[in-house]
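# please find the sequence and the predicted model below.
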Amino acid sequence: MTSMLEVAGLHTFYGNIEALKGVDVAVNEGEIVTLIGSNGAGKTTLLNTICGNPRVARGRVVLFGQDVSSRETYDIVRLGISQVPEGRRIFPGMTVLENLQLGATLSDPAHFQSDVDMAFAMFPILKQRQGQRGGTLSGGEQQMLAIARALMSRPRILLLDEPSLGLAPMIVKQIFAVIRELNQARKMTIFLVEQNAYHALRLAHRGYVLANGKVVLAGTGAELLASPEVRKAYLEGGA
Amino acid sequence: MAEAAAAAAPAAPSRSFDARAALIESAKVAFVVLVLAATMVGVEIADVTGGHEVRTRFGQVAAAAGVAFAARYVLVLLRHGRHGPVLVGAGAIAALLIGVLAVEWATGQRTIGRYLLPFENPVMDWVLAAIALFLFGRAAQLRRLEGRTASATEASEARWGDRGRWLIRWLGPAFFGFGLVFPFLFFIAPDIVDRRMLDIAVLVLTYIMLGWGLNIVVGLAGLLDLGYVAFFAVGAYSYALLADNFSLGFWICLPFAGIMSAFAGILLGFPVLRLRGDYLAIVTLGFGEMIRIILLNWQAFTGGPNGLSGIPRPTLFGIPFEEPDEDKLTFHGLLGLEFDTSHRIVFMYFLIFALAMLTNAFTQRIRRLPVGRAWEALREDEIASRSLGINPTNTKLTAFAIGAMFAGFAGSFAGTRLGFIAPEMFTFLESAVIVAIVVLGGFGSQLGVVLAAILLIGLPEVFRELKDFRMVAFGLAMVGIMLWRPSGLISHRDPTIRLHPAGRGGGS
Ligand SMILES: Nc1ncnc2c1ncn2[C@@H]1O[C@H](COP(=O)(O)OP(=O)(O)OP(=O)(O)O)[C@@H](O)[C@H]1O
Ligand SMILES: [Mg+2]
């Protein structure tokens, strides 16, 4: 297996707050890897650092064999990585279709038509809402749009930051089904940050647990699900 | 203005009417008006033979406070659902005032108006009538809405939305057509469209072009530029200096002026585009002033405060608009027309019309291209844009450069129209007016810019007779727009991509 994304000894600072204190994570081709951890553990910070904002303070981020630690975000995403950011960040004043069009900024315009068709097949509700402004979509619809937009650039690896946040169980199920489908049918590599540890670990091949800016546990999805620490800290009462 | 604010606010939930509270509220408003009016109109310095004399006009100040008191009281009544008395009272007063004013205006004689109207000024008389009419209209509107259920109101509003969109779609072509035939009215109906009107139209078109140019920077890319007039100045001086030093004509200089301005845009943009929002606005403001001060002080090159004069007029494919001459081909000589300077103004009109339309067409087109889409994306969410592969610095720089380029074109035009330029023509006030046009037009709306330019530039020019009240009207118009259309005259944004072909029929 080739490593698509490799994070080694990563430190990230916000001013003089050290949010990541030496993180090592690897994602191999064709895998779903999940990252769990409590609020403020540094999960979002890790995804954002991989994408170049904030900058790497110490350590390395290697993407498809290239060190991207000191590159700009817009340059890094050119390599074939795409992010569904925390809070979705869709363009509120633009229509669904315009949001998808912006997602395709880096891809060949000749693909646009078929990629939109694919997105609409994945999320039929978006097809109905294609002329509606992003800001007026419901939370679940916005999440679907964020995923669809991230896929428009035909990434080789997709980073997802809490895609199930604030969604009804039905929709959460749908989103997780889409993630599995992307991985199985389209062979997409996925790095998934989740609070919903039970679902995420069941879906993932491997997982990491982040606490206070450090990886404290790593293993296969099944191993982590069975581990007493994970059960105690992240699954108790939940699931 | 306070009246209007209250009118625009949604009706308060409580319907019980407390006369004491209403009186106190009205008294407060009247007091504010009293203080403001006392300082602004209460004292007048009049020229009398042999010097000045201070005159007081406290009667009028008191009248203004009284009017404010009454109007506010009526608004409180309306807020509490007492439409009936207002409908009758305000209606009667409005009818009386308008009737009297109309008769007096038609006959040109001041009769009973002298006793009815406290202000010794025809404009204020009409303002008074307008206030009464407004209150009457508001009462009628509320009365009409009263019986309706919420959903009926909503449905009617939705219908208005549709009608509004329809209007917007047709207003653009209508304005374009009107703009095309307007100068011919000068020949057909010279008593309606005189030379002055033509001049005003040229001025309005210049501002429309500037508004459209700035709209690229502020409306599309979301970068608040308070020094836009600097690029206008660079364009004007580029043309004047090129023409002066190298004896080049307008058409050759026009692209150069645009390039120089675009270059100035990049020069400014490069160091400052990392700044955001207010900080960017302040720096651009400083840049605008810097350019003006350089122009003012670089005497040898720019002529300093005296400016540059004798800027050559543009030609029509090399044919000048000059007095016919035996050995020179001129426009009038060619067509065998009698020489008339107003033909040159008509030509100027079409020149700026074409330049403005070029700006508009360019903007409409570029919005649909990747760079235009990137501008709008950056305005909406810079972080998301970056993670989709948009380079924010380059994208913003292009917006700055292109916006500046159009200002440069407009600057060359302004130079050639007046034949003279000076640093005082490029003050911060000009930047502020252009920003106001864009903001009041509704950030990013092309049609909104046209409406706002007509409102802010055209009307004050047309009503130049009103003298000082011109600026009051300007302020009132601005406050009015902010109250009734807080997101600009036209806040509708046209999507850059229409329905996806495969999605037809599945529409919402
Ligand atoms: N822009 C910032 N400036 C300063 N501190 C920040 C910033 N962003 C995050 N932090 C801090 O860094 C730490 C990690 O934040 P991060 O957003 O990565 O947490 P998270 O694991 O994604 O949490 P959650 O599950 O709540 O989203 C937190 O303590 C947070 O307060
Ligand atoms: Mg987070």
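All right, it came through fine. Ligands and ions are numbered 1, 2, ... in the order given.
# could you dump the host helix or strand of residue B:69 to CSV, C-alpha only?
Taking DSSP states H and E as the definition, residue B:69 sits inside helix B:58-79. What follows is helix B:58-79, C-alpha atoms only, in CSV (Å, rounded to 0.1, in the frame of the first residue of the first chain):
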residue,chain,number,x,y,z
PHE,B,58,-36.9,81.3,15.3
GLY,B,59,-40.4,81.3,14.0
GLN,B,60,-39.5,78.8,11.4
VAL,B,61,-37.5,76.7,13.9
ALA,B,62,-40.6,76.5,16.1
ALA,B,63,-42.7,75.5,13.1
ALA,B,64,-40.3,72.7,12.2
ALA,B,65,-40.4,71.4,15.7
GLY,B,66,-44.2,71.6,15.7
VAL,B,67,-44.4,69.7,12.4
ALA,B,68,-42.0,67.0,13.8
PHE,B,69,-44.1,66.7,16.9
ALA,B,70,-47.4,66.2,15.0
ALA,B,71,-45.9,63.8,12.5
ARG,B,72,-44.4,61.7,15.2
TYR,B,73,-47.6,61.6,17.1
VAL,B,74,-49.4,60.4,14.0
LEU,B,75,-46.8,57.7,13.5
VAL,B,76,-47.4,56.5,17.1
LEU,B,77,-51.1,56.4,16.4
LEU,B,78,-50.4,54.3,13.3
ARG,B,79,-48.2,52.0,15.2
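# buried set for whichever helix or strand comes after it?
With elements assigned by DSSP H and E, the helix or strand that comes after helix B:58-79 is helix B:83-107. Across helix B:83-107, burial judged by 16 or more other Cβ atoms under 10 Å in any protein chain shown covers B:83, B:86, B:87, B:89, B:90, B:91, B:93, B:94, B:97, B:100, B:101, B:104. Every residue, glycine included, has its C-beta placed from N, CA and C.
# so how far is residue B:90 from the first one?
Computed as Cβ to Cβ, to the nearest Å, the residue B:83 to residue B:90 distance reads 10 Å.
# overlap in contacts, those two.
Common neighbours of residue B:83 and residue B:90, counting by Cβ atoms under 8 Å, 6 or more residues apart in numbering or on different chains, are residue B:139.
# which secondary structure state does the most centrally placed residue in chain A sit in?
The centre of chain A sits closest to residue A:160, judged by Cα atoms, centre = their mean, with a distance of 1.4 Å. For residue A:160, the secondary structure call by DSSP: H, G, I helix; E, B strand; the rest coil comes out as strand.
# and the helix or strand where residue A:19 lies, is it in reach of ligand 2?
Per DSSP H and E: residue A:19 is located in strand A:17-28. No - against ligand 2, strand A:17-28 shows no contacts by Cβ under 5 Å from the ion, the least distance being 10.8 Å.
# and that strand, which strands flank it?
strand A:3-14 (antiparallel) (DSSP bridges).
# show me what counts as buried in the strand it pairs with.
For strand A:3-14, by 16+ other Cβ under 10 Å, it's A:4, A:5, A:6, A:7, A:10, A:11, A:12, A:13.
# my read is that the residue nearest to the centre of chain A contacts residue A:193, right?
Yes - at 6.6 Å, residue A:160 and residue A:193 qualify as touching, with contact defined as Cβ atoms under 8 Å.
# walk me through the domains of chain B.
B:15-142, B:178-328+B:338-484 (automatic domain parsing).
# what segments of chain A are helices?
Assigned by DSSP state H, the helices in chain A fall at A:43-50, A:73-76, A:96-103, A:112-122, A:124-128, A:139-151, A:169-185, A:197-203, A:221-226, A:228-230.
# low pLDDT regions in chain B?
B:1-16, B:146-165, B:317-339, B:463-474, B:478, B:481-482, B:484-488, B:491, B:500-508 (pLDDT under 70).
# tell me, how many residues neighbour residue B:18?
12 (other Cβ atoms under 10 Å in any protein chain shown).
# nearest residue to residue B:444 in space, please, no chain neighbours.
The spatially closest residue to residue B:444, leaving aside those adjacent along the chain, is residue B:219, at 3.4 Å (Cβ to Cβ, 6 or more residues apart in numbering or on different chains).
# my guess is the one you found contacts residue B:438. True?
Yes - Residue B:219 is within contact range of residue B:438, at 5.8 Å (criterion: Cβ under 8 Å).
# now the end-to-end length of stretch B:211-229.
11 Å (Cα to Cα, to the nearest Å).
# get me the contact residues on chain A for chain B.
Within reach of chain B by Cβ under 8 Å from any Cβ of the partner chain, chain A has these residues: A:51, A:53, A:72-74, A:77-78, A:82-83, A:85, A:89-95, A:97-98, A:101-103, A:105-106, A:113, A:116-117, A:120, A:127-132, A:149, A:153.
# state which one residue of chain B is found closest to ligand 1.
Residue nearest to ligand 1 within chain B: residue B:383 (10.9 Å; Cβ to the nearest ligand atom).
# checking that residue next. Helix, strand or coil?
Residue B:383 ends up helix, using three-state DSSP.
# residues near it, how many?
Around residue B:383 there are 16 residues (other Cβ under 10 Å).
# for residue B:357, which residues are in contact?
Here residue B:357 is in contact with residue B:176 (criterion: Cβ under 8 Å, 6+ apart).
# now it. Its backbone dihedrals?
Dihedral angles of residue B:357 (phi, psi; degrees, to the nearest 10) stand at phi -60, psi -30.
# next, count neighbours for the residue in chain A that ligand 2 sits nearest to.
Closest contact between chain A and ligand 2, by Cβ to the ion, is at residue A:44 (3.1 Å). Residues near residue A:44, counting by other Cβ under 10 Å, number 17.
# just give the nearest non-adjacent residue to it, would you?
residue A:86 (4.8 Å).
# show the pLDDT at the one you found.
At residue A:86, the model reports a pLDDT of 93.
# how about the helices in the stretch 401-508 of chain B?
B:428-442, B:446-453, B:459-462, B:468-484 (DSSP state H, counting those that start in this stretch).
# coming back round to it: residue A:29: which of the domains of chain B is closest?
Across these, residue A:29 has its closest neighbour in domain B:178-328+B:338-484 (21.9 Å, Cβ to Cβ).
# now do the contacts for the residue nearest to residue A:119 when sequence neighbours are not counted.
Leaving out its chain neighbours, the residue that sits closest to residue A:119 by Cβ to Cβ, 6+ apart is residue A:148, at 4.0 Å. Residues near residue A:148 by Cβ under 8 Å, 6+ apart: A:100, A:103, A:119, A:122, A:123, A:126.
# redo that, cut-off 10 Å
A:84, A:90, A:96, A:99-100, A:103, A:115-116, A:118-120, A:122-123, A:126, A:178 (Cβ atoms under 10 Å, 6 or more residues apart in numbering or on different chains).
# list the contacts of residue B:41.
Counting by Cβ under 10 Å, 6+ apart, residue B:41 has contacts B:56, B:57, B:58, B:60, B:61, B:64, B:119, B:121, B:124, B:468.
# recalculate using a threshold of 8 Å.
If you count contacts by Cβ under 8 Å, 6+ apart, then residue B:41 has B:57, B:60, B:61, B:64 around it.
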